[in-house]
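**Q** Here is a sequence together with a model predicted from it:
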Amino acid sequence: MNAFLFAWRNADHLPTGVVRAAAGTLAWTAWATRAKPAVRLEENLARVTGLEGRALRRVGRRGMASVARYYAEVLELSRMTEEQVDARVRLDADEPMRALLASEGAKIAVLGHNGNWDLAGAWASRNLIPVTAVAEVLEPREVFDQFVAVREQVGISVLGHEGSSTFRELIRLARGDRRLICLLADRDLSGSGVATRMWGHEVKVAPGPGALAAATGAMLIPVMVRYERLHGEQRRRARARWGVVLSFGPVIDPGDYPGQDRVEAMTRAWTAWLGEQVAHHPEDWHMLQRFGWVA
């Protein structure tokens with residue numbers, strides 16, 4: 001049985017403190033022994049931060065701790081009360097953004113692998129706007145099915161990414177009722193990534209958000225999720241030391257990008273903002289895989 005699936009099926013029988021401690025220990029061990037995911041994370045963070053040596057190692061250690069926190073929270077998510085979820089999520093959005101999200105029609109959110117997007121989605125689906133997430137179909141299939149079950153349990157609709165039919169369904173949703181369609185797009189899985197610049201480097205990212213906005217006219221909004229320490233009454237209600245901040249970037253209106261390169265131009269717009277956010281909070285960028293560095 002897949003190790004993560006085993007942990008998921010047994011985590012409900014353990015105190016949350018034990019789950020968090022186990023995840024933290026595994027992450028620290030991976031960092032200390034230079035396991036491949038930890039090394040890959042540091043290689044990616046080196047390009048984001050320009051750090052090297054001990055300074056890079058420190059950021060890498062904080063990054064692995066953030067990854068562990070995410071997975072422990074995913075295992076805990078189905079057991080969280082609404083009060084706990086509300087105490088763990090802080091919305092950073094002005095009134096115009098709140099009004100936009102409250103208005104009719106679908107919007108597209110483009111995210112990176114930052115913080116805990118599942119926790120943020122659980123909060124948003126109940127307090128802000130209905131949420132639909134597109135998820136890569138993982139192997140073994142049971143792991144994907146477990147992810148779907150947990151997300152749907154907390155109010156997030158899930159659409160499995162399985163080829164061109166997925167994009168057709170996204171077009172239908174983006175032309176439909178009020179919802180936030182969330183696309184993780186900092187890592188290209190299509191093989192036809194869009195070239196842009198992030199952190200002073202040429203990279204390729206997923207074309208999906210820009211292509212969907214261009215095809216439907218739906219507003220495109222970059223989103224950042226990062227961790228913050230909790231204190232006092234909020235920490236007591238959350239029953240956790242950490243929460244997340246949900247931030248929305250500048251709205252990208254497809255109508256402002258009429259040219260033939262509109263997908264590329266919108267992609268440059270969202271990567272500029274998201275890249276800046278990641279640079280401010282590099283430890284919460286969970287890029288343990290190969291990233292789309294061009295050179």
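**A** Structure's in. What do you need?
**Q** neighbouring contacts of the helix or strand that contains residue 269?
**A** Residue 269 is part of helix 262-280 when elements are defined by DSSP states H and E. In this structure, residues lying in contact with helix 262-280 by CB atoms under 8 Å, 6 or more residues apart in numbering are 48-49, 110-112, 114, 185-186, 194-199, 203, 205, 207, 209-211, 213-214, 220, 222, 224, 226, 247, 249-250, 252, 254, 257, 259, 284-285. For the C-beta atoms, the positions are set from N, CA and C on the backbone; glycine is no exception.
**Q** Just the buried ones out of the residues you listed, please.
**A** 48-49, 110-112, 114, 185-186, 194, 196, 198-199, 203, 205, 207, 209-211, 213-214, 220, 222, 224, 226, 247, 249, 252, 254, 257, 284-285 (16 or more other CB atoms under 10 Å).
**Q** hang on, isn't residue 287 packed against residue 186?
**A** Yes. Counting by CB atoms under 8 Å, residue 287 does reach residue 186; the two are 7.3 Å apart.
**Q** Which neighbours do these two have in common?
**A** Joint contacts of residue 287 and residue 186 (CB under 8 Å, 6+ apart) are residue 113.
**Q** On the pLDDT front, check residue 96 for me.
**A** pLDDT for residue 96: 94.
**Q** And it, how far from residue 107?
**A** 13 Å (CB to CB, to the nearest Å).
**Q** just residue 225 next, same as before
**A** The gap separating residue 225 from residue 107 is 16 Å, by CB to CB.
**Q** the more surrounded of those two?
**A** Set residue 225 next to residue 107 and count neighbours by other CB atoms under 10 Å: residue 225 wins out with 24 against 21.
**Q** What are the structural domain limits within this protein?
**A** Per automatic domain parsing, the domain ranges recorded for the chain read 3-74, 81-284.
**Q** Run through the strands of this protein in chain order.
**A** Assigned by DSSP state E, the chain shows strands spanning 89-92, 106-111, 131-136, 156-161, 179-184, 194-198, 201-205, 220-229, 242-248.
**Q** which stretch among those strands comes nearest residue 17?
**A** Within these, the stretch nearest residue 17 is strand 242-248; the backing value is 13.4 Å (CB to CB).
**Q** who does that closest one pair up with?
**A** Strand 242-248 has the following sheet partners, assigned by DSSP bridges: strand 89-92 (parallel), strand 220-229 (antiparallel).
**Q** and the angle from the longest one to strand 179-184?
**A** Going back to what we said before, that points to strand 220-229. Inter-element angle recorded for strand 220-229 and strand 179-184: 70 degrees (by axes from the mean of the first three to the mean of the last three CA atoms, to 10 degrees).
**Q** ok now strand 220-229, how far from the chain's centre?
**A** 8 Å (CA atoms, centre = their mean, to the nearest Å).
**Q** Quick check, residue 158 in contact with residue 136.
**A** No. Taking contacts as CB under 8 Å, residue 158 lies outside contact range of residue 136: 10.9 Å.
**Q** Between these two, which has more neighbouring residues?
**A** residue 158 (19 against 13).
**Q** what's near enough to touch that one?
**A** 132-135, 147-148, 151-152.
**Q** now do residue 78
**A** Contacts of residue 78 by CB under 8 Å, 6+ apart are 12, 150, 153-154.
**Q** what's the closest residue to residue 206 other than its chain neighbours in contact with, if anything?
**A** Excluding the flanking residues, the one nearest residue 206 by CB to CB, 6 or more residues apart in numbering is residue 185, at 3.9 Å. Residues in contact with residue 185 (CB under 8 Å, 6+ apart) are 110-112, 205-206, 208-209, 270.
**Q** make it 7 Å
**A** 110, 205-206, 208-209 (CB atoms under 7 Å, 6 or more residues apart in numbering).
**Q** okay if I get those residues as CSV plus pLDDT and distance to residue 37?
**A** Shown next, in CSV, are the contacts of residue 185 (pLDDT from 0 to 100; distance: CB to CB, whole Å):
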residue, pLDDT, distance to residue 37
110, 98, 24
205, 98, 21
206, 96, 21
208, 95, 25
209, 98, 26
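**Q** would CSV of these with distance to residue 62 be doable?
**A** As requested, the contacts of residue 185 are exported to CSV (distance: CB to CB, whole Å):
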residue, distance to residue 62
110, 25
205, 24
206, 26
208, 30
209, 28
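**Q** Among these, find me the one that's closest to residue 60.
**A** The nearest member of the contacts of residue 185 to residue 60, counting by CB to CB, is residue 205 at 22.4 Å.
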